[in-house]
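**Student:** take this sequence and fold it.
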Amino acid sequence: MKKIIIVFLVLYSGSIKAQYFMPEIASEDMFISKEVYVVTNNNDTIRGKHVGSSFTMGLLKSFNLKTSDGTKMKFKAADVKTVAIKPNKITNIEGSFTAVGLKNLEAFNDVINREWIFYDQAQQPTKKEKYALMQLVNPGFDSKIKVYHNPSPNAKKTRGIPGLGGFGGGDDKSYLVVYEGEKSKLYKKGKYKKEAINDLYKNCPVFIENYEGDKFKWKNFAEHVYVYDQLCNE
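**Tutor:** You can find the predicted model right below:
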């Protein structure tokens, strides 16, 4: 049945892209970005150039930009919905060689040519109400499930083994996930199957029907989110 669903998606959307999460951007690469814009909680869009950031334990807590007229502005994570960064070519090239799941030339080119990198405001998975700006790694198939790079210094990766036909680095062993604007939740490789089936995808019976009996692997996380986005976004 899973194959039938995939065929349906191919016919419905014209093609099904190789699924992968976008690579993270290093904090120092923000300073060499071409352009940035901020969308505030009031839906105002402010454009300029990145001139400073504040990170705590890898989390982006505030963002500074300078507008075209020279005005400097500082935004705290709780005050903005999105920060978008336009990377230069060097940033994209570096990201393509460390990205997860780039197993073909199409995926490699998508990273090389990406126009924007997005950071969204999200509530942290803590008891207290704390916010940070987190890098979205599934732009374009994030209508319900938003997956973010885990910025923790303790976040682990599997060992990358470059080979013929594969450009990617090691797999991330954890991601922060937000479902329909809820508080973010940490998903880890070792507990992914149990927690994702019972929690993340539980409100989509057609998804469960077509995936529950298969080998539900962490390496296919991006595919799962994409299929869920296509089938269960009502």
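**Student:** which residues does the residue most central in space within the chain contact?
**Tutor:** When Cα atoms, centre = their mean is applied to the chain, the residue found nearest the centroid is residue 137 (1.5 Å). Contacts for residue 137 (Cβ atoms under 8 Å, 6 or more residues apart in numbering) come out as 21-24, 147-149, 175. (C-beta placed from N, C-alpha, C; glycine too.)
**Student:** where does it land on pLDDT?
**Tutor:** Reading off the confidence values, residue 137 has pLDDT 92.
**Student:** so who does residue 202 touch?
**Tutor:** So residue 202 contacts residue 208 (Cβ under 8 Å, 6+ apart).
**Student:** against residue 91, how distant is it?
**Tutor:** 37 Å (Cβ to Cβ, to the nearest Å).
**Student:** could you do residue 143 as well?
**Tutor:** In this view, residue 143 and residue 91 are 27 Å apart by Cβ to Cβ.
**Student:** what about those two, which has more around it?
**Tutor:** More crowded of residue 143 and residue 91, by other Cβ atoms under 10 Å: residue 91, with 22 against 13.
**Student:** okay, and that one sits in which element?
**Tutor:** Following DSSP states H and E, the helix or strand that holds residue 91 is helix 89-96.
**Student:** ok, which stretches of this structure are strands?
**Tutor:** 35-40, 45-56, 59-66, 72-76, 80-86, 117-123, 131-135, 145-149, 174-179, 185-188 (DSSP state E).
**Student:** list the buried residues in stretch 177-193.
**Tutor:** Within stretch 177-193, the residues that count as buried by 16 or more other Cβ atoms under 10 Å are 177-178, 184, 187, 189, 192.
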